[in-house]
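K.L.:
next comes the sequence, and after it the predicted model I'd like to discuss.
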Amino acid sequence: MNKENKKKELSKLVSILSNNETIYLINISDLNSNQISILRKSFHEYSIRMKVVKNTLLKKAIQKIKNKKLDSFFSILNGNTTVLFSDSNLNITNITSNIIKNFHVQEKIDKPYLKGAYAQESFYFGGNKDLNILLHLKSKEDIIIEIFNILQFSIKDIISSFFNSTKYKICEILEALSSYKK
């Protein structure tokens with residue numbers, strides 16, 4: 001790769017790392033081309049892209065980012081590294097984890113191996129334990145929706161109990177007023 005291509009590749013990596021709220025780093029070594037193709041197709045269905053990168057180039061890209069949030073990845077940048085990301089605004093955390101987990105079951109292997117992930121402003125490193133956590137991780141939006149739903153049911157209960165207790169009082173007042181006119 002010549003200098004100009006390296007600069008372009010570095011620029012693309014900086015853009016990917018800067019513009020995505022969720023980044024997965026996985027190891028796909030020991031997968032055959034058919035398995036990699038299956039993974040790519042599975043990810044592609046959800047607009048998730050796979051990019052095999054050189055660790056030295058990835059380190060340089062992380063160093064160029066003004067926000068040093070991804071510095072924690074330095075310790076895992078060895079061996080085969082593939083970056084998973086999405087250009088869409090879709091929360092890919094659960095989807096990505098689910099695809100990887102299903103692939104493990106389908107192919108009866110532990111690859112691709114989760115090296116690390118940055119999701120919901122937190123880091124997750126290695127193995128099936130963190131993959132399971134990511135599989136069930138809720139986005140901030142999901143949590144806010146759940147809170148609103150809980151509040152909505154509470155408010156409905158309060159309003160309905162208010163109307164149920166006051167409707168009899170209103171009926172009594174109306175009856176009293178109707179008898180007062182006579």
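P.N.:
Ah, there it is.

K.L.:
residues making contact with stretch 30-50?
P.N.:
For stretch 30-50, the surrounding residues in contact (Cβ atoms under 8 Å, 6 or more residues apart in numbering) are 28, 82-88, 90, 92, 95-96, 99, 102-103, 107, 109, 111-112. All C-beta spots, glycine's among them, are computed from the backbone N, C-alpha and C.

K.L.:
filter those residues down to the buried ones and express that as a ChimeraX selection.
P.N.:
Applying 16 or more other Cβ atoms under 10 Å to the contacts of stretch 30-50, the buried members can be selected in ChimeraX as follows:
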select :28,82,83,84,85,86,92,95,96,99,103,107,111,112
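
K.L.:
in helices only, show me the contacts of stretch 30-50.
P.N.:
The helices, defined by DSSP state H, take in I95, T96, I99, N102, F103, E107 from those.

K.L.:
so what's the third one scoring on pLDDT?
P.N.:
Just to be clear, that refers to I99. pLDDT for I99: 94.

K.L.:
ok, for it, nearest residue in space, not its chain neighbours?
P.N.:
Nearest residue to I99, sequence neighbours excluded (Cβ to Cβ, 6 or more residues apart in numbering): S42, at 4.8 Å.

K.L.:
neighbours around that neighbour, how many?
P.N.:
Applying other Cβ atoms under 10 Å, we find 19 residues neighbouring S42.

K.L.:
distance of it from F103?
P.N.:
Noted for S42: a distance of 7 Å to F103, by Cβ to Cβ, to the nearest Å.

K.L.:
now for the ones in helices among the contacts of stretch 30-50, which pair is the farthest apart?
P.N.:
Using Cβ to Cβ, the ones in helices among the contacts of stretch 30-50 span at most 18.3 Å, a distance reached by I95 and E107.

K.L.:
thought K101 was touching L135?
P.N.:
Yes: between K101 and L135 there is a contact under Cβ atoms under 8 Å: 6.1 Å.

K.L.:
how about the nearest residue to N102, chain neighbours excluded?
P.N.:
That would be S42: by Cβ to Cβ, 6+ apart, it lies 7.7 Å from N102.

K.L.:
SS state for the one you found?
P.N.:
Assigned with DSSP: H, G, I helix; E, B strand; the rest coil, S42 falls in the helix class.

K.L.:
and if you look at the one 10 residues further on?
P.N.:
For V52, the secondary structure call by three-state DSSP comes out as strand.

K.L.:
can you pull out the strands in this structure?
P.N.:
With strands called from DSSP state E, the chain shows them at 23-27, 48-53, 81-86, 113-119, 122-125.
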